[in-house]
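Enquirer: with the input below, show me the fold.
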Amino acid sequence: MLSILVYIAAFLFYASVGWYFWRTRWKNQPIFPSADVSASVIANWERFGMLAPVTLHALILYQSIFINEGLSFGVGNAISSIVWLTALIYWFSGFFPRLQELQNLIAPIAIVAAVAVLLPLALPSLHPLANTELPAFKAHLLVAMLAYSLFTIAALHAVLMTILEYRLHHPAMSPLLMNLPPLLVMEKMLFRIIWTGFILLTLTLFSGIIFSQEVFGQSVTFSHKTLFSFISWGVFAALLIGRQFYGWRGRTAIRWTLTGFAILLLAYIGSKFVLEIILDR
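Expert: As a prediction, the model looks like this:
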């Protein structure tokens, strides 16, 4: 019963935070319009408000993933972990003035997290992972989750850049989008995120090779996940090379970003969904 209450509390906190940021950052409607409250006090309360569901989400993941000696990391826990790390990164960005624009994007992240926090309950993992006691596997899993989270943020930025570009050609578009950062700022942030995610994805593949060598005695074991992971790495590598030497930007950068993210999603979440939900393995 206590566990169910934690799920419900996390969901309600995320939904409340999403509603608050949607109203204050996207619709420019302050919650207390007549109150004389400084911006720093409001910022502190906003950080505290986002910290509550993030902390409860972490507790849920800890209880659902760390079971006995092994790790239970099914499709529900995997998606929930990626979304939690994404929300954590957005919350942490609020402490840096140069990243304050990211706070405008907490509203959609909080709404997505409100759904994702329930996934371990809706899609419980029945098959704990093998070899989880190995340090190589733990390092591989941690770096992989960070990489997936950053590319999730990159994909969100790419989608919002598409909306911003559309707005440039349709000035009468909804004023809800007026509080998004300028297109050039979004593009600059996009490539910073992609560079960081690409480095982590490279470390993920490298640590996966070490783990495979330690467990199976060979550097790479061919599988659906391995194939799509390397293809995704190649897509992001091509994007960064194109950006550096050919000045790729705008729609070209957006298409490559979303393509790489879709392939990466197929590599991990797609394979887990097929094995656990469809094939029940």
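Enquirer: pLDDT below threshold where in the protein?
Expert: For the chain, residues meeting the criterion pLDDT under 70 lie at 1-2, 26-41, 43, 68-70, 97-103, 125-136, 169-180, 212-223, 270-281.
Enquirer: switch to 50 and redo it
Expert: Low-confidence segments of the chain, defined by pLDDT under 50, span residues 1.
Enquirer: show me the domain layout of it.
Expert: What the record gives for the chain is the domain set 1-126, 130-281, from automatic domain parsing.
Enquirer: output these in CSV, with mean neighbour count appended to each entry.
Expert: Any C-beta I mention is one placed from the backbone N, CA and C, and that applies to glycine too. Conversion of those to CSV gives the following (neighbours: other CB atoms under 10 Å):
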stretch, mean neighbour count
domain 1-126, 17
domain 130-281, 17
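Enquirer: state the distance from Asn104 to Phe261.
Expert: 21 Å (CB to CB, to the nearest Å).
Enquirer: elements contacting the helix or strand harbouring Ser207?
Expert: When secondary structure is defined using DSSP states H and E, the element that contains Ser207 is helix 183-216. Applying 3 or more CB pairs under 8 Å, 6 or more residues apart in numbering; DSSP states H and E, we find helix 183-216 packed against helix 135-169, helix 224-246, helix 250-265.
Enquirer: for the closest residue to Leu200 other than its chain neighbours, give its distance to Val6.
Expert: Take Leu200 and drop its neighbours on the chain: the residue closest to it by CB to CB, 6 or more residues apart in numbering is Ala147, 3.7 Å away. The spacing between Ala147 and Val6, counted by CB to CB, is 28 Å.
Enquirer: got it, and Thr252?
Expert: Relative to Val6, Thr252 is positioned 44 Å away (criterion: CB to CB).
Enquirer: ok, now Gly49?
Expert: The spacing between Gly49 and Val6, counted by CB to CB, is 18 Å.
Enquirer: with Gly208 instead?
Expert: From Gly208 over to Val6 the distance is 33 Å, taken as CB to CB.
Enquirer: do Phe95 as well
Expert: Noted for Phe95: a distance of 26 Å to Val6, by CB to CB.
Enquirer: one more: Tyr166?
Expert: As defined by CB to CB, Tyr166 lies at a distance of 40 Å from Val6.
Enquirer: cool, Val17 as well?
Expert: For Val17, the distance to Val6 - CB to CB - is 16 Å.
Enquirer: again with Lys188
Expert: From Lys188 over to Val6 the distance is 39 Å, taken as CB to CB.
Enquirer: and what of Phe92?
Expert: Relative to Val6, Phe92 is positioned 22 Å away (criterion: CB to CB).
Enquirer: equivalent analysis for Ile199, please.
Expert: The value you get for Ile199 to Val6, if CB to CB is used, is 34 Å.
Enquirer: next: Tyr268.
Expert: Tyr268 is 26 Å from Val6, by CB to CB.
Enquirer: can you check Trp22 too?
Expert: Going from Trp22 to Val6 by CB to CB gives 24 Å.
Enquirer: please apply the same query to Gln63.
Expert: Counting by CB to CB, the separation of Gln63 from Val6 is 8 Å.
Enquirer: likewise Ile254?
Expert: From Ile254 over to Val6 (counting by CB to CB), the distance is 38 Å.
Enquirer: so how far is stretch 53-68 from its chain's centroid?
Expert: Its chain's average C-alpha position is 17 Å from that of stretch 53-68, according to CA atoms, centre = their mean, to the nearest Å.
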